[in-house]
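1. take a look and give me a structure for this.
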Amino acid sequence: MLESVVIAVLLAAVIRLLILEPFYIPSGSMEPTLLIGDRIIVSKVTYHLRDPRPGDIVVFKFPLDPSRNFVKRLIAEGGDTVEIKDSILYINNKPVAEDYLPAGLTFQDYGPKTVPPGHYFMMGDNRNNSDDSRVWGFLDEELIVGKAEVIYWPLNRIGLAK
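-> Now for the predicted structure:
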């Protein structure tokens, strides 16, 4: 019996440390995609199998205080030029369709700024209430924790995080 409990605890610890980790959403910076109080599962394996991609929802250590975790959408990667004009996002001078944003949302102009190699440009979906790369700069790839995969709580919101 004790052996089974020890194995179960070790297995749970390995899964949490290396494969999947639950996270709580404390703010509205990703609304309407992720709501305050949502609980998500983050894959720590995905980015060992492939590089992060624009559009991914990513959990990372906050660059100004790595003891805190943030969750934002990856907007651009190293080498891309980011600009916002008249509430339209442009990557490399091409408009980006952002159908995950609330209809009619307007937000401030930004850039153009080029993302350095090994870094990412991150933004919250709730653009007017998001502390993101427009404020604190580019995200070093070393700070990425993993990819948000699933909303598992509350029950009426179960589904893929996208």
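
2. and the closest residue to residue 118 other than its chain neighbours, how far from residue 99?
-> In this structure, residue 118 finds its nearest non-sequential neighbour in residue 141, 5.2 Å apart by CB to CB, 6 or more residues apart in numbering. All C-beta spots, glycine's among them, are computed from the backbone N, C-alpha and C. Per CB to CB, to the nearest Å, residue 141 is found 26 Å from residue 99.

3. cool, residue 118 as well?
-> Going from residue 118 to residue 99 by CB to CB gives 29 Å.

4. those two: who's more crowded?
-> Neighbour totals were compared for residue 118 and residue 99, and residue 118 leads with 12 against 5 (other CB atoms under 10 Å).

5. can you list contacts of the helix or strand hosting residue 84?
-> Assigned by DSSP states H and E, residue 84 belongs to strand 81-85. Contact with strand 81-85 is made by 75-76, 89-93, 107-115, 121, as judged by CB atoms under 8 Å, 6 or more residues apart in numbering.

6. one more time with 7 Å, if that's ok
-> Contacts with strand 81-85, where a contact means CB atoms under 7 Å, 6 or more residues apart in numbering, come from 75-76, 90-92, 107, 109-115, 121.

7. would a markdown table of those with pLDDT, distance to residue 53 and neighbour count be doable?
-> Shown next, in a markdown table, are those (pLDDT from 0 to 100; distance: CB to CB, whole Å; neighbours: other CB atoms under 10 Å):
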| residue | pLDDT | distance to residue 53 | neighbour count |
| --- | --- | --- | --- |
| 75 | 98 | 11 | 23 |
| 76 | 98 | 11 | 25 |
| 90 | 98 | 18 | 17 |
| 91 | 98 | 12 | 18 |
| 92 | 98 | 15 | 13 |
| 107 | 91 | 23 | 18 |
| 109 | 96 | 25 | 10 |
| 110 | 97 | 21 | 17 |
| 111 | 93 | 20 | 14 |
| 112 | 98 | 21 | 13 |
| 113 | 98 | 20 | 16 |
| 114 | 98 | 18 | 16 |
| 115 | 98 | 14 | 21 |
| 121 | 98 | 13 | 27 |
